[in-house]
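Asker: Compute the structure for the input listed below.
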Amino acid sequence: MHETPQRGKRKLILFVDDDASLLRLGRLTLERAGYEFLGALGGQEGLHRARASRPDLILLDYMMPDISGKEVFEQLRRSPDLKLRRTPVVMLTALNVIENVLVLSQIRERNHQLELEARRSFVAMVRTLITLLFAKDSYTGQHSKAVARLAEGLALHCGLSEEEAMHVKLGALLHDVGKIGVPEGVLCKPDCLTVEEVAVMRRHVHHGEQALAGVPRMEALRAMVLHHHEWWDGNGYPAGLCGEEIPLGARIIAVVDAYDAMVSDRPYRDALPRAVAVERLRAGAGTQFDPVLVGKLFDYLAKHEAVEQGEIDLEFLEEFCPVVIK
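Answerer: Sure, this is the predicted structure:
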């Protein structure tokens, strides 16, 4: 019963117990569930088989006469074999625990795979959107990266957590992604827009929000994209929100977006001096912009003047996972 099985695609579980009847029952239960089974009668044999077979999971009886489960566990943790040290070990006191362990193990494995798939899909989607935005209008692509970098810094400066700042950074990176749906003749027009063209341009917030509609748990991000043109006094668009009705992330992006737009070259004008941009933000505090955030941005810029310009590294997307399945 205890011969080492040939390894196939199925996960190998080593069951260590001093009761042969429990090993037989364990084999029946685990093989029926689709696992490779390897039994070891006692702690010493369990150590030998663990070193020889390097299983995917070890089920270990706590009370055994020759060497206790705890001692087996401690020797495994001290093993020079890194894989063996990292092998999951479940300490058992009764066989009926096995089925619960199997269920949890299968759920966690499946959820892990779903999470990885969601992460890859999300990162690919964001990279695709940014690539399309650059292809449509290189200025808007560069601007989005600059706004993302500065928005993250301002968010941290305002006391937001690293996770919250990461969401703001991502929202800022995608805040203008809806401009992919704006005709180039409007998006890149070197002259003032007509009333009709302004209406077309304003639709970009809806295009951006809709582009993210199928992404799970992205409600906060979608709100930032949709509402980053709202005004503090309620005269913005698309919903006419005012004050703290506007999501904090959207308010941060609004201030940073305006600042970077002013200090950058645009199709219809050259970059404005920083002093002019600061004065215009100050004039808009309390009407267009959150007055507290305007002051916080001035503080942040004063402390980080040397890194005011620059892009962000999109590698941060690899660490960002919008779906976390427990």
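Asker: lowest-confidence helix or strand of the chain?
Answerer: One helix or strand of the chain scores below all others by mean pLDDT, DSSP states H and E: helix 97-136, with a mean of 69.
Asker: and the next element down the chain from it?
Answerer: Using DSSP states H and E, the helix or strand that directly follows helix 97-136 along the chain is helix 138-157.
Asker: okay, stretch 80-88 in PDB with CA atoms only?
Answerer: Extracted in PDB, the C-alpha atoms of stretch 80-88 (Å, rounded to 0.1, in the frame of the first residue of the first chain):
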ATOM      1  CA  PRO A  80      17.600  22.100   3.000                       C
ATOM      2  CA  ASP A  81      15.100  21.400   0.200                       C
ATOM      3  CA  LEU A  82      13.400  24.700  -0.500                       C
ATOM      4  CA  LYS A  83      10.300  23.100  -2.100                       C
ATOM      5  CA  LEU A  84       9.900  20.700   0.800                       C
ATOM      6  CA  ARG A  85      10.100  23.700   3.300                       C
ATOM      7  CA  ARG A  86       7.300  25.400   1.300                       C
ATOM      8  CA  THR A  87       5.100  22.300   1.000                       C
ATOM      9  CA  PRO A  88       1.700  23.000   2.700                       C
END
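Asker: Any chance you could list what contacts that stretch?
Answerer: Here stretch 80-88 makes contact (CB atoms under 8 Å, 6 or more residues apart in numbering) with Ala50, Arg51, Arg54, Pro55, Asp56, Leu57, Ile58, Leu76, Arg77, Arg78, Ser79. Using the backbone N, CA and C atoms, a C-beta is placed for each residue, glycine as well.
Asker: closest to Ala155 among those residues?
Answerer: Arg77 (40.5 Å; CB to CB).
Asker: The closest residue to that closest one other than its chain neighbours: neighbour count?
Answerer: Among residues not flanking Arg77 along the chain, Arg85 sits closest, at 5.9 Å (CB to CB, 6 or more residues apart in numbering). Per other CB atoms under 10 Å, the neighbour tally for Arg85 reads 11.
Asker: what about Arg85, distance to Arg51?
Answerer: To Arg51, Arg85 is 12 Å away according to CB to CB, to the nearest Å.
Asker: contacting residues for Ala172?
Answerer: Per CB under 8 Å, 6+ apart, neighbours of Ala172: Ser144, Val147, Ala148, Leu150, Ala151, Glu152, Met224, Ile252, Ile253, Val256, Asp257.
Asker: Give me the distance between it and Gln288.
Answerer: In this structure, Ala172 and Gln288 are 17 Å apart, going by CB to CB.
Asker: which stretches of this structure form helices?
Answerer: 20-32, 43-53, 69-77, 82-85, 97-136, 138-157, 162-173, 184-187, 195-202, 204-211, 219-227, 248-262, 274-284, 291-303 (DSSP state H).
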